[in-house]
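> next input, structure requested:
(2 chains, ligands or ions: 5)
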Amino acid sequence: MSRKPEEASCRLTIDGREIVVAADTPVIDAAERLGIMIPRFCYHPALGAVGACRMCAVKFLDGPVKGLQMSCMVGARDGMVVSTTNPEAVDFRRQVVEWLMANHPHDCPVCDEGGHCLLQDETISGGHALRRYRGPKRTYRDQDLGPFVAHEMNRCIHCYRCARFYQEVAGGRDYGVLSIARRTYFGRYEGGRLESPFAGNIIDLCPTGTLTDKPSRYRARRWDLERGPSVCLHCSLGCGLTVGARYREVMKLEARLNPEVNGHFICDRGRYGFGYESRPDRPRQPRVDGRETIAGAALAALAEGLKPFEAGKVAMVGGTRSNLETLAALLGLCRDQGWRPPVFFRDARLAGAAESAAAALSGDLVASLADVGRADVILVVCADPLAEAPMLALSLRRAARRGAAVLVLDHRPCDLPCEAERLTFAPQELAGCLSRLAHAALRGRKEAAAYLSSLPLPPDLLPETALALDTWGKRLAEARFPLVVCGTDQAEPTLPALAGGLARLLAGSHDQDRRAGFLPLLPGPNGLAAALAGGGDLEALLADIEDGRATALLVVESDLLSRTPEPERWLAALRKLKLLAVCDHLPSPLLEAAHVVLPSRTVFEAGGHFVNQEGRLQRAMPVFSPGLPMGRTLREGHPPRLFMSCAPGSEPRPAADWLKDLAGLLGAGGRAGDWADLAAAFPGLPGLAAGPAPENGRRCLPETAPGADAPSVAKTGSPDVPPDHLQVLLVERTFGTEELSCRAPLLAASAPEPWVDLAAADAGKAGLAHGAWLLVPLPGGPLRARLRVHQDMAPGLLLLPRDPRLLWQRLAGTGVLVELLRLHAITAEEEPAGEDTTLEAEP
Amino acid sequence: MLPEMVKLRRKGEELLEDGLGLLRPFATTLGMLFTRPITVQYPEEKRVLPARSRGRIILTRSPDGDERCVACFLCSAACPVSCISMEAATREDGRRYASWFRINFGRCIFCGLCEEACPTLAIQLTPDYEFSKATIMELVYEKPALLVDHGGKDPDYDFYRHAGVTEKGEKGSHVNEQEPVDVKRLLP
Ligand code: SF4
Ligand code: SF4
Ligand code: SF4
Ligand code: SF4
Ligand code: FES
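Ligands and ions are numbered 1, 2, ... in the order given. A predicted model of the protein is given here:
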C-alpha cells in the first residue's frame, strides 16, 4: 500500500470525537487511535487495505465522502464526520458476518484458533448469534503445507491476508489464490512445504483457523498459555517475540510488534527455533566430578577448586547468546578476580570484525531494520541476509518495493526475495572492491582524503565490473538515504570499519535533513555487547591452554566444542586443564568433560536484556519457571498424584545468579549486582545508565563515535590460494546452523538437507553436476554432502555449512584448502539411503 | 399521642407476636400428625433423583462408541473453581482428544457450567451424589474413572458428524455439506 508522505494533516470527527491525523490515513486507523476498534478482517496495518471483506463499513455523515463506506478504503480528509454506530452500518456489518458464517463449518471445538479468533470475536460483537441459513455448506479439500502450517480451508473467509503477505511482503511464489468466485481457494498449486522462510507469519495473520500452527496443533488454548514478551536469540537483529508456554514447555512463539525492529513479522528460524529448553538431554542438575549434587555444594566445590589457581591462569569463555546480566557478571568476575579477560568469539578474524563493526557504530549513524525499508540506495557487503539475519531480507524487499536500489557484494550465492544487483568477489577481494566503490562515491571530498588513502588497492577487475562499481558509487553519493549493511561472519577484520567509514562519510556529504545509515550484522543476539567488551578469541585461548598458560577454564553458555572446526584439538587441550567448569543449558560434549556443571536457565525461564546490532536494549521477560515439561512427568498416563512445592527438574538457575554467587564465595565484590553495576560493565553503551529497557527497547549507543570523522583502516593481505585449490569456508544457512536453533527439534527435523556450494566454473573443471553426492576429502576424514552449483558465486571456494548433520568438523582447522580435482561424485551405490547425510562409521 | 403511649403500644404488639410464634409450631406439628410421612430411610432406601440433578461428573461416548471429548478446554475455562485440568493431544488416527483429564471433586461445586459449555455433550453431570471419600486425593478423578460407555442424557449426538474436519469422514460427507470445490475447474 503506497502511502503519500505525511505532509498535510486533517481534522475529522468519529463518533462525536475529533482527531487530527495525517491526510490519507485510513479512517479505520484514525478510529483505532481514538480507541474505537472498527471490526475488520482483511485490513492489516502492514498489508494495507483491499476492501475484500466488507466488515469495516461505517457511515460517513458529512464531508467529502458520504454514505456507507469501507473505513479501510477511505483516506482521512478534513471535515469528515463518521459514525461507527449508525444503525445502517451496524446492520450492514451484522449481515456481512452472517454471510461469512453461512459456509463456516461447525469446528470451533477442534480449531486451534478458538479463543483468539477474530471471526469468533466479530461474530459475537456483530450480533450474529443464531444461524438462519439451513442450506448445505461449501467445502474444500485441504493441502499439506509442510511441517509448520496446518491448512483447514473450510474455515477461510477470503480476506486475502495470507496471499498478500506471502507474495507481496515476503516475495514467495508458491502460495496464493486459486480459482474464482465461490471456488476461491488459498493454497499452493499442489500440496507441499511452503518455500518462503517467512511462511510462519501467515499463521499470525490469518484471522480464522484456516492457517494454524502445526507444531502446537491440538495442544493448548491461548487462554491457558503463560505468555510474555521476549526477544529472538537466533541472530543479532533481536526481533520481538511473544512466548506462549504451558505446563513448563514452550508451545509456540509469535511475532511481537516492534515498529523499529521487526514490525509485525518474524522469520521461521525465530518462530520455530525453540524446543532446546525442553530437550530430554538438557542438563538440569548441578554436577561435581560426574556426581549429581545440589546447587550450594556445586558452587562451594567450584569456589574451593578455583582458590589454588594463580589469577592469570584462570580463563573464562562467554557466549554471545547470554543475556546482558550474565555478560556483566562474567566481566565483573574476571575484573575483580584478576582473571584473564573473557573470550567470546571463535577466532581472531571474527573477533576483529565484530570489534571493528562495533567501533564504527554510533547513535547518529546506526540504522534500524525499519530504516532499511526507508533507504533508497542500499549496499550489502559481505553478508548473506537470508542466512545471517533473515528479517533483513524482508526489509530489503520492502525497500526494493519502494524503489530502492540494492547492491550485494559477496562471495556466496545470496538468495534474496527481491530485485538486487549481485557482484561476486572472493572474500579477500571485497575490501578492494569496496575501496573502488568508495573512491567513486567520495571523489573530490576533502574530508574523505584520509579515509580514501587508507583503503586497500582494488584488485584487477573486469572493465564492466569496475564500471558497475563506479556507477554504484555515484548512486550512493547521490542517494537521499544511502545505507550500508556489512556482515561479520565472513568478513576480514577491517571490512566492517571500512563499510562503516563509507557510511559515515556518505552521511557527511548530505544536507542536514539527509542521513546515511550503517547496519552491521553481528555474531549472536548480544554480539554488540560482547564486541564492545573486547577480549581475546578462542583460537588464542586454545594455544594458551595447550602451552599451560591457562589451567582453569570456566565456560558460560558457549557451545565451543560443537562450534569449533578443531574439536579433537580442543578435547585434547581440555584434558590438560586442572579445572573445567561449565554453566549452560544446552547439552554438549563439553559437559561430559567438565568437573563442575552448573545448569543455567534459558531465555524463556530467565529472561534478561539483549542489545541488538543497532545498540537497542531490549528485554525478554521470564515466562515460566523451569522444570521438566508436564508430559515427561506422567505416571500411568496422568500427572503424578502428589502435592509438591516445586516441579521436578527445576534446579537450573539464571547464569548471572550462578556467577554472582560464585563471586560472593570467592570473597570479592559481593555487591548487589544491580542495574548500575550492569551499566558500568559496558562503557561503550552509555544509554544503559537510563535503566532497564522499555517495551520497544531503547538505543544505547553514544551519539557520536570517537574518531568518527576520519575513519581509517589498516590494509589487509590476501591468503595465497594455489591454482586448482578451493578455500573451504564455513557458512551459515537460514536453517540448521545457528547455535541455538540447530538444537531446536522442530527445525532440526525439518531443515532442508544440508548441501555444499561450488561455483559453476569450478564444478565444470572437476566435472561435477548440480545435485550430485560429493565426497570432500577433509583433513579429519572425508565428508559426504549434496552439491549445489551456482553461477553467481565467487570461484575458488567451497562453502560448507556449520550444520551438525554434516561432518563439517572434519575440517580440523581454519584456512583449509582442498584440491579441486580431489573432489569427486559418489556413485549411486555409495549414496546414503534416505535422509541420512552423515557418515558416522567412516574411518 | 404521647410518647409513653406509643411505647406501650409497641410493647403490646411485640408480646402478641412472640406468643403467636410460640403457638404456630405447635399448630404445624399437630397438623402434620395427620399427613403421610415423607422421610426416606437413607441409606437403606434411596430416592431416584431427576436426570437433570447435578452430581458426579462423567465423560460420555458418541453413538459409535468413541469418546466424545475433544479436549477443547471449554469446560475447564468455564469452571468457576478451576477444578478441571487436561492435556490435549492428537491421537494416532489424527483425532484430537484428551491424553489425560482430571476433575478434582474436592473442589467441584456441582454448578453444571462445564456441562453447559461442552460443545460435544461429552461432560455431563449425573444424579449420583454418593461419593464421599476419606481423603482429598481420592476425590481427584482421572479420565478412566470419568469415562463411561454410554451417551448419557443425549445418546444420539455425534459432534464429528457435523464438524467440517476430516477426523470422521471426508470433506463433503458430513451433515449438510456440499461436494468439495474443484479449484482447477475453468467454468464460471
Ligand atoms: S486463509 Fe486465512 S488469511 Fe488467507 S484468505 Fe483465508 S481467512 Fe484470510
Ligand atoms: S531475523 Fe533474526 S532475530 Fe529476527 S526472527 Fe529471524 S532469527 Fe530471530
Ligand atoms: S460442575 Fe461447576 S465446579 Fe464442577 S467441574 Fe463443572 S464447572 Fe467446575
Ligand atoms: S468442554 Fe467437553 S469436549 Fe471440551 S474439553 Fe470439556 S469435556 Fe471435552
Ligand atoms: S477491513 Fe475494510 S473491507 Fe475488510
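> now find how far off-centre whichever helix in chain B runs longest is within its chain.
Ranked by number of residues, the top helix in chain B under DSSP state H is helix B:3-32. Averaging C-alpha positions (C-alpha atoms, centre = their mean, to the nearest Å) puts helix B:3-32 45 Å from its chain's average.
> next SSE downstream of it?
Downstream of helix B:3-32, the first helix or strand assigned by DSSP states H and E is strand B:57-59.
> counting contacts, what elements does that next one pack onto?
Identification of packing neighbours for strand B:57-59 by 3 or more C-beta pairs under 8 Å, 6 or more residues apart in numbering or on different chains; DSSP states H and E yields strand B:123-125, helix B:143-146. Glycine gets a C-beta too; all of them are placed from N, C-alpha and C.
> winner for burial among these?
strand B:123-125 (a mean of 24; mean count of other C-beta atoms under 10 Å in any protein chain shown).
> just checking that one against ligand 4, any contact.
Yes. Strand B:123-125 lies within reach of ligand 4 by C-beta under 6 Å from any ligand atom, at B:I123.
> name the helices or strands packed onto that strand?
Helices and strands touching strand B:123-125, as assessed by 3+ C-beta pairs under 8 Å, 6+ apart, comprise strand B:57-59, helix B:113-117.
> give me the contacts around whatever helix or strand comes next after that strand.
Note on strand B:123-125: by DSSP H and E, the next helix or strand toward the C-terminus is strand B:140-141. Judged by C-beta atoms under 8 Å, 6 or more residues apart in numbering or on different chains, the contacts made with strand B:140-141 from elsewhere in the structure are A:641, B:57, B:102-106.
> strand B:140-141: how far from the chain's middle?
Counting by C-alpha atoms, centre = their mean, strand B:140-141 is centred 16 Å from the centre of its parent chain.
> could you do stretch A:99-115 as well?
Per C-alpha atoms, centre = their mean, the displacement of stretch A:99-115 from the mean C-alpha position of its chain is 34 Å.
> so for that stretch, what gets flagged as buried?
Buried positions in stretch A:99-115, judged by neighbour count with 16 or more other C-beta atoms under 10 Å in any protein chain shown: A:100-101, A:103-115.
> does chain B sit close to it?
Yes. With C-beta under 8 Å from any C-beta of the partner chain as the criterion, chain B is reached by stretch A:99-115 at A:105-110, A:114-115.
> is ligand 1 contacted by that stretch?
No. Contact between stretch A:99-115 and ligand 1, assessed by C-beta under 6 Å from any ligand atom, is absent, since the two come no nearer than 9.4 Å.
> could you export that stretch as CSV, CA atoms only?
Only the C-alpha atoms of stretch A:99-115 are listed here, as CSV (Å, rounded to 0.1, in the frame of the first residue of the first chain):
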residue,chain,number,x,y,z
TRP,A,99,-22.9,-14.2,5.1
LEU,A,100,-19.3,-15.1,6.1
MET,A,101,-20.7,-17.6,8.6
ALA,A,102,-23.1,-19.2,6.1
ASN,A,103,-20.5,-21.6,4.9
HIS,A,104,-18.4,-21.8,8.0
PRO,A,105,-18.0,-25.2,9.5
HIS,A,106,-19.1,-26.2,13.0
ASP,A,107,-15.5,-26.6,14.0
CYS,A,108,-14.6,-24.3,16.9
PRO,A,109,-14.1,-27.1,19.5
VAL,A,110,-11.3,-28.7,17.4
CYS,A,111,-10.0,-25.5,15.9
ASP,A,112,-6.7,-24.1,17.3
GLU,A,113,-7.7,-20.5,16.6
GLY,A,114,-10.6,-20.8,19.0
GLY,A,115,-10.0,-18.4,21.9
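> three-state assignment of A:F610?
strand (DSSP: H, G, I helix; E, B strand; the rest coil).
> next one: phi and psi at whichever residue of the stretch 301-450 of chain A sits closest to ligand 3?
With C-beta to the nearest ligand atom as the measure, A:N323 is the residue of the stretch 301-450 of chain A nearest to ligand 3, at 40.7 Å. A:N323 has phi and psi values of phi -80, psi 170 when expressed as degrees, to the nearest 10.
> what's across from the closest residue to it other than its chain neighbours in the sheet?
Leaving aside its chain neighbours, A:N323 sits nearest to A:G608 (2.6 Å; criterion: C-beta to C-beta, 6 or more residues apart in numbering or on different chains). With DSSP bridges as the criterion, the beta-bridge partners of A:G608 are A:A620.
> count the neighbours of A:G608 for me.
The number of residues packed around A:G608, counting by other C-beta atoms under 10 Å in any protein chain shown, is 24.
> and it, what does it touch?
Listed by C-beta under 8 Å, 6+ apart, the contact set of A:G608 reads A:322-326, A:619-620, A:654, A:656.
> ditto for B:L113
With contacts defined as C-beta under 8 Å, 6+ apart, B:L113 is in contact with B:75, B:78-80.
> of those residues, which pair is most distant in space?
In those, two members sit farther apart than any others by C-beta to C-beta. They are B:C75 and B:P80, at 11.4 Å.
> more crowded one of the two?
B:C75 (24 against 10).
> is it correct that that one falls within a helix?
Yes. Counting by three-state DSSP, one finds B:C75 located in a helix.
> okay, and which of the buried residues of stretch A:99-115 map to helices?
Helix and strand membership here follows DSSP H; of the buried residues of stretch A:99-115, those in helices are A:100-101.
> quick one: which of the buried residues of stretch A:99-115 sit in strands?
With strands identified by DSSP state E, none of the entries of the buried residues of stretch A:99-115 belong to them.
> and the least confident of the buried residues of stretch A:99-115?
Comparing pLDDT over these singles out A:H106 as the least confident position, at 89.
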